[in-house]
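Colleague: quick one, what's the 3D model for this:
(one chain, ligands or ions: 1)
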Amino acid sequence: MKTTILNCRALLGEAAAPSPGPVDIEIDGRVITEIRPAGAREPAAGEVIDGRELLIAAGLINGHHHSHEGFYKGRKDNLPLELWMNYVRPLKPIELTPRDVYLRTMIGAIEAVRSGTTTLCDDTNQSPRIRPDHVEQVFQAYEDIGIRANVGITLFDKPFFRAVPFVDEEFPKDLLAEFDGTRMYSGAELLDFVRGLARDHHPSTHRVAYMAAPSAPQRCTQEFLLDVRRMADDFDLPLMIHVQETRMQVVTGHLFYGSTMIEYLHRIGFMKPKTAFIHGIWLNPREIELLAKTGVSIQHNPPSNLKVGSGLAPLRELLKAGVNVSLGTDGCGSIEGTDMQNALYLAALLQKLRGDHTDWVGAEEAFHAATMGGARALGRDKELGAVEAGRVADLVGYRLDRIPFTPLNNAVNQLVYAASRAEVDLVMVDGAVIERDGRLTRIDEAAIIDEIREAHARIAPQLAASEADVERISPHYERIYRRCQCMDIAADTYPARLSH
Ligand SMILES: Nc1nc2[nH]cnc2c(=O)[nH]1
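Modeller: Purely as a prediction, here's the structure:
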């Protein structure tokens, strides 16, 4: 099937350079075949899209999201990461139907498409029980809405509440016994399950594909981390893992491994290309060098980093060192949605709080991170991330006849600093239109919103009960958090008595 977008403006190539004049963009099947001056010849037979008032740009790649946090939207505020995270990680299972899982996946997926996202990376936590019928529904939701998705099942083989130091000292024995006893899948069982997903949903053949998502070094044994690494290598999969999001995690690294987590990951041979360290806020110069040397990307999520108070990633230092940076939002628990326009806006503005103005990161670099940076992190920078003949037609059309683009002086600056998701008028994935004129073309959005509300009303008592459980461990966590915050992370080593 051929489609031509006629007479549009476009941001062209890896540099997203504004087209000097109107262009026609021809698409055959899933690939852009030609970009030519508007009217140079008749469009090929097939669908024609009137692009007169459209700015066509590469679709945004949201490098990090957690669909399992969908029902937690808006529940918490003013908690740092380590204290917040317990609330989205039920200590006891919450009973969901497969349809509930489908609906909570749609919460993030709908907003992603509406904000111009064509690829979404979802690290979905299915603990404490992996149910294949639940996982199927995550894949199905992305299939149905039409977005490209990389779905990772959160992999860890240590209880989450033990991923911080001093648990044995600060927790009462009865609580430890209760939570240590929570049934978890073994690492081997998890790996068996996800190997099946890698075989059946590979990114080279599937729009909705599996990716490797070990949760974080401190939540995995070394043996398990290396097993996941081998699995990703064997299947040639992208791999994403949370690393050094907070100051407390640097302290944790020193206490658990006698070095920072990044030095540990380098030591065990974990750092390779097609790997993204999610957040990567607390980094020292030596670690930035290691990232550059090993080809590991940093996956930057400014909306979440602000809301849970993690800090400001050193983007200029990373970019100067040649580290690839991608952009994302994070899940609906640590920030209330998957709006990539917000991520772009914050990425470009926040960096102006640091350093000399000649070193600031602005709109062009933020947009590059959200497109080419995301593609590179997935190992797909020859296929995705730019409007160029020969690339996959994952495109967004922004309305130029709206105030954010009026008057038009600089399309990238105005897209990042002025536009909102309301200007997104066309979203195309693999050459197929999945949003047009403000309407999602493949799903009945209003009916799904009704269903999400009904499901939430049914689940809300379980969420409240789960919060009550978390309140039981919160004071102990608060003490651990404060103890870690007082520890010096500038020193390279800690007293031997503190290392395990
Ligand atoms: N921000 C953030 N969200 C999460 N959701 C699950 N794990 C994490 C994490 O380590 N950081």
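
Colleague: what pLDDT does residue 183 get?
Modeller: For residue 183, the pLDDT comes out at 67.

Colleague: er, residue 126 actually
Modeller: Reported pLDDT for residue 126: 87.

Colleague: which SS state does it fall under?
Modeller: On the three-state scheme (DSSP: H, G, I helix; E, B strand; the rest coil), residue 126 is labelled coil.

Colleague: so which bits of the stretch 251-400 of the chain are right by the ligand?
Modeller: For the stretch 251-400 of the chain, the contact set with the ligand under CB under 6 Å from any ligand atom comprises 304, 330-331, 334. Yep, even glycine has a C-beta here, placed from its N, CA and C like the rest.

Colleague: of these, which is the most crowded?
Modeller: residue 330 (30 neighbours; other CB atoms under 10 Å).

Colleague: which residue packs closest to that residue, ignoring adjacent ones?
Modeller: Spatial nearest neighbour of residue 330, chain neighbours left out: residue 304 (3.3 Å); criterion: CB to CB, 6 or more residues apart in numbering.

Colleague: show me what counts as buried in the helix or strand containing the one you found.
Modeller: Residue 304 is part of helix 302-307 when elements are defined by DSSP states H and E. Neighbour counts using 16 or more other CB atoms under 10 Å place 302-305, 307 of helix 302-307 among the buried residues.

Colleague: wait, which of these is closest to the ligand?
Modeller: residue 304 (5.1 Å; CB to the nearest ligand atom).

Colleague: which residues does that closest one contact?
Modeller: Applying CB atoms under 8 Å, 6 or more residues apart in numbering to residue 304 gives the contacts 310, 329-331, 334-335.

Colleague: show me the residues you listed that map onto strands.
Modeller: Using DSSP state E, no member of the contacts of residue 304 falls in strands.

Colleague: count the neighbours of residue 399 for me.
Modeller: Considering only other CB under 10 Å, residue 399 is surrounded by 19 other residues.

Colleague: hang on, it packs against residue 405?
Modeller: Yes: the pair residue 399 / residue 405 is scored as a contact, 7.3 Å apart, by CB atoms under 8 Å.

Colleague: between the two, what contacts are shared?
Modeller: residue 423.

Colleague: in the protein, what residue comes closest to the ligand?
Modeller: Counting by CB to the nearest ligand atom, the chain gets nearest the ligand through residue 242, at 3.8 Å.

Colleague: gap between that residue and residue 95?
Modeller: Relative to residue 95, residue 242 is positioned 27 Å away (CB to CB, to the nearest Å).

Colleague: ok so, going back, the residue of the chain closest to the ligand bridge partners, please.
Modeller: Residue 242 has these beta-bridge partners by DSSP bridges: residue 278.

Colleague: can you give me phi and psi for the nearest residue to residue 182 once chain neighbours are set aside?
Modeller: Spatially, and ignoring its direct neighbours in sequence, residue 182 is nearest to residue 128 (5.9 Å; CB to CB, 6+ apart). Main-chain dihedrals, residue 128, degrees, to the nearest 10: phi -80, psi 0.

Colleague: would you list the phi and psi of residue 297?
Modeller: phi -90, psi 160.

Colleague: revised request: answer the last question for residue 417.
Modeller: Dihedral angles for residue 417 - degrees, to the nearest 10 - are phi -90, psi -20.

Colleague: what's the burial count for it?
Modeller: 16.

Colleague: from residue 162, how far out is it?
Modeller: Applying CB to CB to residue 417 and residue 162 gives a distance of 43 Å.

Colleague: swap in residue 112?
Modeller: The value you get for residue 112 to residue 162, if CB to CB is used, is 33 Å.

Colleague: the more surrounded of these two?
Modeller: residue 112 (28 against 15).

Colleague: so which of the contacts of residue 304 sit within helices?
Modeller: When those are checked against helices (DSSP state H), there are no matches.

Colleague: what helix or strand is residue 4 on?
Modeller: Applying DSSP H and E, one finds residue 4 within strand 2-12.

Colleague: how far off centre is the helix or strand that comes right after that strand?
Modeller: Next along the chain after strand 2-12, taking DSSP H and E as the criterion, comes strand 17-18. Average the C-alpha atoms of strand 17-18, do the same for its chain, and the two points are 26 Å apart (CA atoms, centre = their mean, to the nearest Å).

Colleague: packing partners of strand 17-18?
Modeller: strand 2-12 (3 or more CB pairs under 8 Å, 6 or more residues apart in numbering; DSSP states H and E).

Colleague: check which helices and strands the strand it packs on is in contact with.
Modeller: strand 17-18, strand 23-28, strand 47-50, strand 54-58, strand 395-399, helix 411-417.

Colleague: what about the closest residue to residue 360 other than its chain neighbours, neighbour count?
Modeller: Nearest non-adjacent residue to residue 360, counting by CB to CB, 6+ apart: residue 352, 4.9 Å away. For residue 352, the neighbour count with other CB under 10 Å is 12.

Colleague: now swap in residue 248 and tell me
Modeller: There are 24 residues near residue 248, going by other CB under 10 Å.

Colleague: next, format the contacts of residue 304 as TSV and append distance to residue 170 and pLDDT.
Modeller: Converted to TSV, the contacts of residue 304 look like this (distance: CB to CB, whole Å; pLDDT from 0 to 100):
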residue	distance to residue 170	pLDDT
310	22	94
329	32	98
330	27	98
331	27	96
334	24	92
335	29	94
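
Colleague: which one of those residues sits closest to residue 344?
Modeller: Relative to residue 344, the closest of those is residue 329; by CB to CB it sits at 10.2 Å.

Colleague: so the closest one touches residue 65, yeah?
Modeller: Yes: assessed by CB under 8 Å, residue 329 is found in contact with residue 65 at 6.2 Å.

Colleague: find residues that contact each of these two.
Modeller: Counting by CB under 8 Å, 6+ apart, the residues touching both residue 329 and residue 65 are residue 338.

Colleague: pLDDT of the longest helix along the chain, averaged?
Modeller: Longest helix of the chain, by residue count under DSSP H: helix 445-485. Regarding helix 445-485, the rounded mean pLDDT is 94.

Colleague: before we move on, what about stretch 298-305?
Modeller: Mean pLDDT, stretch 298-305: 97.

Colleague: use 19 as the first number for this chain going forward.
Modeller: Sounds good: first residue 19 from here, last item stretch 316-323.

Colleague: endpoints of it, how far apart?
Modeller: 13 Å (CA to CA, to the nearest Å).

Colleague: where does the chain have its least confident helix or strand?
Modeller: helix 191-198 (a mean of 85; mean pLDDT, DSSP states H and E).

Colleague: a markdown table for the helices and strands packed on strand 20-30, including distance to residue 139?
Modeller: Output for the helices and strands packed on strand 20-30, formatted as a markdown table (distance: least, CB to CB, whole Å):
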| stretch | distance to residue 139 |
| --- | --- |
| strand 35-36 | 27 |
| strand 41-46 | 24 |
| strand 65-68 | 28 |
| strand 72-76 | 16 |
| strand 413-417 | 17 |
| helix 429-435 | 21 |
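
Colleague: just put these in a markdown table and tack on mean pLDDT.
Modeller: Formatted as a markdown table, the helices and strands packed on strand 20-30 follow (pLDDT from 0 to 100):
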| stretch | mean pLDDT |
| --- | --- |
| strand 35-36 | 98 |
| strand 41-46 | 98 |
| strand 65-68 | 97 |
| strand 72-76 | 99 |
| strand 413-417 | 98 |
| helix 429-435 | 98 |
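
Colleague: nearest to residue 442, of these?
Modeller: Comparing the helices and strands packed on strand 20-30 by CB to CB, strand 413-417 comes nearest, at 6.1 Å.
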